[in-house]
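Asker: Dropping a prediction and its sequence here:
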Amino acid sequence: MERITLAHGDGGELAHKLITDVFVSMFRNDHYAQFDSATLTLGAHELAVTTDSFVVKPLFFPGGNIGKLAVAGTINDLAVVGAVPKVLTCGFIIEEGFPIQDLKTIVQSMAEEAKEANVTIVAGDTKVVERGSADGLYINTTGIGVVSRPLDRKICEGDSVIVSGSVGDHGVAILVARGELGLVSTVESDCTTLYPLISKALKASEHIRLMRDPTRGGLATTLVEICEDFGVTIELEEDRIPIKKEVEGACELLGFDPLYLANEGKVVMIVPKEDEQAILDVLRSQPEGKDAAVIGTVRATNKGQLLLRTPLGTTRRLYRLTGLMLPRIC
Amino acid sequence: MLDVMDNPTHFALSRTLLQEVRMLASQFQQTFGRVPSFMEVCGSHTMALARTGIKKALEGYVRLISGPGCPVCVTDQVTIDAMISLTDGVDRIICTFGDMMRVPGSYGTLMQAKTEGKDVRVVYSPVDAVRIAEQYPDQEVIFLGIGFETTIPILAAAVKEAEEKQVHNFSMWMSTKLVEPILRQLLHDREVLLDGFLLPGHVSMVMGRKHFEFLATEYDMPAVISGFEALHMLSAIRHLLMLALKQHAIVLNDYKSVVTEQGNKQAKYWMNHYFTLCDEAWRGIGVISQSGMDFKKEYDQFNAKMKFSVSTREPRRTKCRCGEVIRGLIDPPQCALFGKACTPLNPIGPCMVSSEGSCAAYYQYMREE
């Protein structure tokens, strides 16, 4: 009998297959969510809607906790489709015996993170399950935003690919925080609300083609999805991708590739070459975008491949994450 | 990749080294009328050579052949089936390195066993398995001990901890392999023409440079111990080419920051304290005498093979050619299953699933379609 394995939830190839075979095929409708958020028109307003569940382990990690992640993650999914995040709902599934003080700390960070993006939490739900039926606490958040500036998604040959900072931080921070690796590291999760940064970038350029936040599956999987969805070929320059030394060190040791590790406070943008500098300047002027870099170029507009040019001058093709053993990261 | 704190000068150095390597390789071709062939013994090198693009950059210049250095890949099917069938028992926790989880057994994988409710846990160190045994005194905790000389001392450390803390519900099912006997076997069989070996930095860290001297003295084979970054590997290949050009058989240590002449005496002491040489069966090769290590008699209480019996059936036969890949006889794409019936999501052989496997390296980093 076919069963769900942990690999179905890692954002890679199997997860993609599950979504296509089960969910998309049965929920099929005219405007299913193809990107981070669905956009739909209700009356005079164009709205963006998204939902996400958070099962990160451990609940507290360097740089954040499950609450901060649950708010930032959903706000980011709205922000990257060009929406102004407005309201959030949240659902809590709490395991019997969970310390109320911990819950308060988590909810407090949710409130702070929402305030950061001027978002109101308007509805919620609480369920308590028996001890053993959940691992401490799971949170679901649903967000609604108003699309002020829909992105045209018209990717052209010669466009630049920008990432707002170093990749793989969240993935490594969580791996280390789980304490199973016997590693000590100073890497903090990059978990943060990107709306303020993104809104500044949108002011700097009217022609940002597309944005995504590279969470599960990492930068590589996100860009592979873009290449496939839009039939474009992107060539990344390996030596221009910002990666922290500690992240690279941990990856070497554990056999992970930082390009496939989750980020929770990074945005990747496809922008016209001529707007590249203006956007970079704006991103770099903000603390969460100080390491922003142009990491690649849209090469041809028909092949749908993600390529990586190594410092030695060879290129290799990057694929979706396939069957890596990663613990629950978001 | 660019470190945000660093400057990229070593990329320039890599490119310079690459040019030198290509030049030396052309000289070799002019002198000997063929492309030089080197075997990288270690699975981590196989991965790193593919990931950094070195293998591709040297196509037509240097033939890099993957050797039998991926621990999961060289483990024969009967052993893998036995390890997986350990999950059949009750009150057991099976602990393993992550690589083993999806390795195809004849009748299922550890991952499937876990999905079906068996307690199978991935640990990053066998010492963690001892901790789990302490936490669950009513369960038998069995660690699947697969690996080369790099791993054997860590396995010894776990046994030492279990011994000191008197953890009686911890044991290990060993199937470890040694590099020297398999290199001797390959050189004896002479199935592939080799001009030198790129020796594994991690194994050499434990065993020391001197341990590999037999390659030069007995087999007239140049060898260079290498680290795992692009610069390390290019430098080692450059040294190999220089030695091969001069037909000068010596064993060079190109990883001096980590590898010493004699290796790690402590590590060697502890592996020899608990374990002794044993015959091991290698995938695609067969049993090689004294090519692995298993528990000494006096440590039977930690030997899972003594504590538990498993029922194994005849291994299922497939068209998988992992055995030939391991011996360097074929490149992964020459296997009819590669990338079609056999992918990392649905692996038929271990070389496709292990993070050090040649097929996985090819699939992930060198596939073009």
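Answerer: Thanks, I have it.
Asker: hey, where'd the strands end up in the stretch 201-350 of chain B?
Answerer: According to DSSP state E, counting those that start in this stretch, the stretch 201-350 of chain B carries its strands in the segments B:223-226, B:251-253, B:275-282, B:286-295.
Asker: Nearest to chain A, out of those strands?
Answerer: Nearest to chain A, of all the strands of the stretch 201-350 of chain B, is strand B:223-226, at 14.6 Å by C-beta to the nearest C-beta. Any C-beta I mention is one placed from the backbone N, CA and C, and that applies to glycine too.
Asker: CA-only coordinates of that closest one in CSV, if you can.
Answerer: Below are the C-alpha coordinates for strand B:223-226, written out as CSV (Å, rounded to 0.1, in the frame of the first residue of the first chain):
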residue,chain,number,x,y,z
ALA,B,223,48.8,8.2,-5.2
VAL,B,224,47.9,11.6,-3.6
ILE,B,225,45.9,12.2,-0.5
SER,B,226,43.4,15.0,-1.0
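Asker: helices or strands next to it in the packing?
Answerer: strand B:196-200, helix B:201-207, helix B:230-246, strand B:251-253 (3 or more C-beta pairs under 8 Å, 6 or more residues apart in numbering or on different chains; DSSP states H and E).
Asker: partners of the last one, with directions?
Answerer: Here strand B:251-253 is paired, per DSSP bridges, with strand B:223-226 (parallel).
Asker: Quick one: name whatever helix or strand follows the worst-scoring helix or strand of chain B on mean pLDDT.
Answerer: Ranking every helix and strand in chain B by mean pLDDT, DSSP states H and E puts strand B:2-3 at the bottom, with a mean of 44. Going down the chain from strand B:2-3, the next helix or strand is helix B:9-32, by DSSP states H and E.
Asker: Pick the most buried one from the helices and strands packed on strand B:223-226.
Answerer: Greatest average neighbour count among the helices and strands packed on strand B:223-226 goes to strand B:196-200 (a mean of 28), per mean count of other C-beta atoms under 10 Å in any protein chain shown.
Asker: Using PDB, list the CA coordinates for that one.
Answerer: Extracted as PDB, the C-alpha positions of strand B:196-200 are listed here (Å, rounded to 0.1, in the frame of the first residue of the first chain):
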ATOM      1  CA  GLY B 196      47.100   6.700 -10.000                       C
ATOM      2  CA  PHE B 197      44.800   7.100  -7.000                       C
ATOM      3  CA  LEU B 198      43.200  10.100  -5.400                       C
ATOM      4  CA  LEU B 199      43.200   8.900  -1.800                       C
ATOM      5  CA  PRO B 200      40.500   9.700   0.700                       C
END
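Asker: now the angle between helix B:230-246 and it, please.
Answerer: Using axes from the mean of the first three to the mean of the last three C-alpha atoms, to 10 degrees, the inter-axis angle of strand B:196-200 relative to helix B:230-246 is 150 degrees.
Asker: Quick one: list the elements packing against strand B:196-200.
Answerer: Going by 3+ C-beta pairs under 8 Å, 6+ apart, strand B:196-200 lies up against strand B:37-40, helix B:43-51, strand B:223-226, helix B:230-246.
Asker: As a markdown table, these with mean pLDDT would be great.
Answerer: Output for the helices and strands packed on strand B:196-200, formatted as a markdown table (pLDDT from 0 to 100):
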| stretch | mean pLDDT |
| --- | --- |
| strand B:37-40 | 96 |
| helix B:43-51 | 91 |
| strand B:223-226 | 97 |
| helix B:230-246 | 96 |
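Asker: Out of the ones you listed, which gets nearest to residue B:25?
Answerer: Residue B:25 lies closest to helix B:230-246 among these, at 6.0 Å (C-beta to C-beta).
Asker: CA atoms only for that closest one - export them in CSV, please.
Answerer: The C-alpha coordinates for helix B:230-246 follow below in CSV (Å, rounded to 0.1, in the frame of the first residue of the first chain):
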residue,chain,number,x,y,z
ALA,B,230,37.8,22.3,-5.4
LEU,B,231,41.3,23.7,-4.7
HIS,B,232,42.4,20.6,-2.8
MET,B,233,41.2,18.3,-5.4
LEU,B,234,42.6,20.2,-8.4
SER,B,235,45.9,20.5,-6.6
ALA,B,236,45.9,16.7,-5.9
ILE,B,237,45.1,15.9,-9.5
ARG,B,238,47.9,18.2,-10.7
HIS,B,239,50.3,16.3,-8.4
LEU,B,240,49.0,13.0,-9.7
LEU,B,241,49.6,14.1,-13.3
MET,B,242,53.1,15.3,-12.5
LEU,B,243,53.9,11.9,-10.9
ALA,B,244,52.2,9.9,-13.7
LEU,B,245,54.2,11.9,-16.3
LYS,B,246,57.4,11.1,-14.7
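Asker: what's next to it, contact-wise?
Answerer: Outside helix B:230-246, the residues that touch it by C-beta atoms under 8 Å, 6 or more residues apart in numbering or on different chains are A:311-312, B:10, B:13-14, B:17-18, B:20-21, B:24-25, B:27-28, B:31, B:36, B:38, B:45, B:48-49, B:52, B:54, B:58, B:62, B:195-196, B:198, B:201, B:222-227, B:249-250, B:252, B:254-255.
Asker: for chain B, what are the nearby residues on the stretch 1-150 of chain A?
Answerer: Counting by C-beta under 8 Å from any C-beta of the partner chain, the stretch 1-150 of chain A comes close to chain B at A:3-5, A:7, A:13-14.
Asker: So which of those sit within helices?
Answerer: With DSSP state H as the criterion, helices contain A:13-14 from among the residues of the stretch 1-150 of chain A next to chain B.
Asker: Give the PyMOL command for selecting the buried subset of the residues of the stretch 1-150 of chain A next to chain B.
Answerer: Filtering the residues of the stretch 1-150 of chain A next to chain B down to the buried ones (16 or more other C-beta atoms under 10 Å in any protein chain shown) takes a single PyMOL command:
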select buried, chain A and resi 5+7+13+14
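Asker: pLDDT added to the residues of the stretch 1-150 of chain A next to chain B, as CSV?
Answerer: Listed next are these as CSV, based on pLDDT from 0 to 100:
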residue, pLDDT
A:3, 85
A:4, 87
A:5, 81
A:7, 77
A:13, 77
A:14, 81
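Asker: now for the residues of the stretch 1-150 of chain A next to chain B, which pair is the farthest apart?
Answerer: So for those, where distance means C-beta to C-beta, the most widely separated pair is A:3 and A:13, at 17.0 Å.
Asker: can you list the domains in chain B?
Answerer: According to automatic domain parsing, chain B comprises the domains B:77-178+B:266-277+B:293-307, B:322-363.
Asker: Would you show me how to pick out the buried ones of the contacts of helix B:230-246 in PyMOL?
Answerer: To isolate the buried members of those in PyMOL, using 16+ other C-beta under 10 Å:
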select buried, (chain A and resi 311+312) or (chain B and resi 14+17+18+21+24+25+28+36+38+45+48+49+52+54+58+62+195+196+198+201+222+223+224+225+226+227+249+252+254+255)
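Asker: What's the end-to-end length of stretch B:279-294?
Answerer: Stretch B:279-294 has an end-to-end distance of 9 Å (criterion: C-alpha to C-alpha, to the nearest Å).
Asker: Please put the alpha-carbon coordinates of stretch A:276-289 into PDB.
Answerer: Extracted C-alpha coordinates of stretch A:276-289, given in PDB (Å, rounded to 0.1, in the frame of the first residue of the first chain):
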ATOM      1  CA  GLU A 276      18.800  45.800 -11.100                       C
ATOM      2  CA  GLN A 277      21.000  48.500  -9.500                       C
ATOM      3  CA  ALA A 278      18.100  50.600  -8.100                       C
ATOM      4  CA  ILE A 279      16.500  47.500  -6.500                       C
ATOM      5  CA  LEU A 280      19.900  46.300  -5.100                       C
ATOM      6  CA  ASP A 281      20.500  49.700  -3.600                       C
ATOM      7  CA  VAL A 282      17.200  49.700  -1.800                       C
ATOM      8  CA  LEU A 283      17.500  46.100  -0.600                       C
ATOM      9  CA  ARG A 284      21.000  46.700   0.700                       C
ATOM     10  CA  SER A 285      20.000  49.900   2.600                       C
ATOM     11  CA  GLN A 286      17.800  47.700   4.900                       C
ATOM     12  CA  PRO A 287      19.300  45.400   7.500                       C
ATOM     13  CA  GLU A 288      17.400  42.300   6.200                       C
ATOM     14  CA  GLY A 289      18.600  43.000   2.700                       C
END
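Asker: I appreciate the help and will end here.
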